[in-house]
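[1] heads up, no residue letters with this:
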């Protein structure tokens with residue numbers, strides 16, 4: 001049975017697809033932000049294969065930056081929690097590369113390129129300078145590394161529009177009132193919230209097409 005959190009906690013990867021419109025169901029992020037210990041739908045994702053590929057790509061990136069003489073923090077070293085008035089925001093970038101008051105936040109991706117990958121890094125770029133113990137005042141660029149190419153994100157991408165969209169999304173996801181629910185096979189098939197907690201969960205395809213002889 002789901003347990004209500006004392007206060008909302010949001011993981012960055014619950015937001016990035018919503019920010020760029022790849023997902024529409026804000027309720028999923030709202031449920032996760034406000035509940036824990038819920039029974040999850042079994043995953044068919046090949047975690048071991050993904051982990052092997054991801055680790056190899058992260059190691060390549062780390063070695064490259066270290067050869068350039070830059071300080072590199074990796075994965076568990078980078079886990080952060082940013083506490084705001086509405087909620088706590090947590091994340092864990094793959095690599096943080098520092099050189100003085102400038103830096104690069106890197107995330108390695110083994111799948112097909114997606115706008116949400118850049119959005120994820122952009123949330124890190126916005127959040128990390130607020131972590132006073134380590135990164136306060138640092139200007140970060142972003143880097144999404146795929147197996148065959150890279151996408152650079154300049155610090156200027158964290159503009160007023162992006163910040164406003166992110167903050168408003170965080171407020172909706174952390175609200176006491178449930179966020180908008182949009183159930184569809186496309187989103188539900190990758191969602192781990194079971195039917196007992198989401199009665200509108202779509203488990204299989206239902207055609208909305210009809211046949212006519214009029215054309």
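    Looks like it arrived, so ask away. Keep in mind the model is a prediction, meaning the values are calculated, not measured.
[2] can you give me the strands for the chain?
    3-4, 9-11, 35-36, 71-74, 80-83, 88-91, 95-99, 102-108, 139-145, 150-153 (DSSP state E).
[3] Select, out of those strands, the one closest to residue 63.
    Nearest to residue 63, of all the strands of the chain, is strand 71-74, at 9.1 Å by C-beta to C-beta. In this view, the C-beta of every residue, glycine as well, is placed from N, C-alpha and C.
[4] starting at the chain centroid, how far to the lengthiest helix in the chain?
    Looking across the chain with DSSP state H, the single longest helix is helix 47-67. Computed by C-alpha atoms, centre = their mean, to the nearest Å, the chain-centroid distance of helix 47-67 equals 19 Å.
[5] helices or strands up against it?
    strand 71-74, strand 95-99, strand 102-108 (3 or more C-beta pairs under 8 Å, 6 or more residues apart in numbering; DSSP states H and E).
[6] So which of these has the densest surroundings on average?
    Using mean count of other C-beta atoms under 10 Å, the stretch among the helices and strands packed on helix 47-67 with the greatest mean number of neighbours is strand 102-108 (a mean of 23).
[7] Neighbouring strands of that strand in the sheet, and parallel or not?
    strand 95-99 (antiparallel), strand 139-145 (parallel) (DSSP bridges).
[8] Average pLDDT for stretch 25-41, rounded please.
    Mean pLDDT, stretch 25-41: 96.
[9] distance between the ends of it?
    17 Å (C-alpha to C-alpha, to the nearest Å).
[10] Could you do stretch 106-124 as well?
    Terminal-residue distance, stretch 106-124 (C-alpha to C-alpha): 10 Å.
[11] Then stretch 97-113?
    22 Å.
[12] That one: how far from the chain's middle?
    On C-alpha atoms, centre = their mean, the centre of stretch 97-113 falls 14 Å from the chain's centre.
[13] what's the model's confidence in that stretch, averaged?
    94.
[14] Identify the residues contacting that stretch?
    Here stretch 97-113 makes contact (C-beta atoms under 8 Å, 6 or more residues apart in numbering) with 50, 53-54, 57-58, 61, 65, 70-73, 93-96, 117, 120-121, 124-125, 128, 135, 137-147, 149, 151.
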